[in-house]
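Asker: Build me a model:
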Amino acid sequence: MTDPNEQPGAVAEEGDDDSLRDILRDALERGPSRAPNVLRGVQQKLRERSGGKFYDDQWSIAKYPPIATYLVTSAIMLAVTLAIWAVLWPLSGEPRKAPPEPAPIHVLPTIRR
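Answerer: The predicted structure is shown next:
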């Protein structure tokens, strides 16, 4: 702690510098501490307390993503897309060539009364 009688801006004693240096050296030698991952536990506790209202699907708290579900969903989407293409492709027909000259303009004569 600091001395209440100490003047602001006063130089610290040598013993204080050594203890601070030791604390910093110990902290650097231990390395950065990793924060614990509490997400899974919190999600599990929420699911239990809410009776399954939250995180009931077990996908959101699974350790690995549900790859099989993704593959099945993408296969169904591909099959639907191919089915739509197979139905609409024969209806497309052949393109018609446009004439290179502009179409004639028919001007109606004005009627005078």
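
Asker: quick one: low-confidence ranges for the protein?
Answerer: Scanning the chain with the threshold set as pLDDT under 70 gives 1-15, 31-33, 54-62.

Asker: what about the helices in it?
Answerer: Listed in chain order, the helices of the chain (DSSP state H) span residues 14-30, 39-49, 67-88.

Asker: Give me whichever of these is most buried.
Answerer: When you average the neighbours per residue for each of the helices of the chain (mean count of other C-beta atoms under 10 Å), helix 39-49 leads with a mean of 12. Bear in mind the C-beta positions are built from the backbone N, C-alpha and C, glycine included.

Asker: tell me which strands and helices it is in contact with?
Answerer: With contacts taken as 3 or more C-beta pairs under 8 Å, 6 or more residues apart in numbering; DSSP states H and E, helix 39-49 sits against no other helix or strand.

Asker: got the CA coordinates for it in CSV?
Answerer: Below are the C-alpha coordinates for helix 39-49, written out as CSV (Å, rounded to 0.1, in the frame of the first residue of the first chain):
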residue,chain,number,x,y,z
LEU,A,39,-20.9,-21.7,-22.9
ARG,A,40,-21.8,-25.4,-23.0
GLY,A,41,-22.5,-25.5,-19.2
VAL,A,42,-24.7,-22.3,-19.4
GLN,A,43,-26.7,-23.7,-22.4
GLN,A,44,-27.2,-27.0,-20.6
LYS,A,45,-28.4,-25.3,-17.4
LEU,A,46,-30.8,-23.1,-19.4
ARG,A,47,-32.2,-26.1,-21.2
GLU,A,48,-32.7,-28.0,-17.9
ARG,A,49,-34.3,-25.0,-16.1
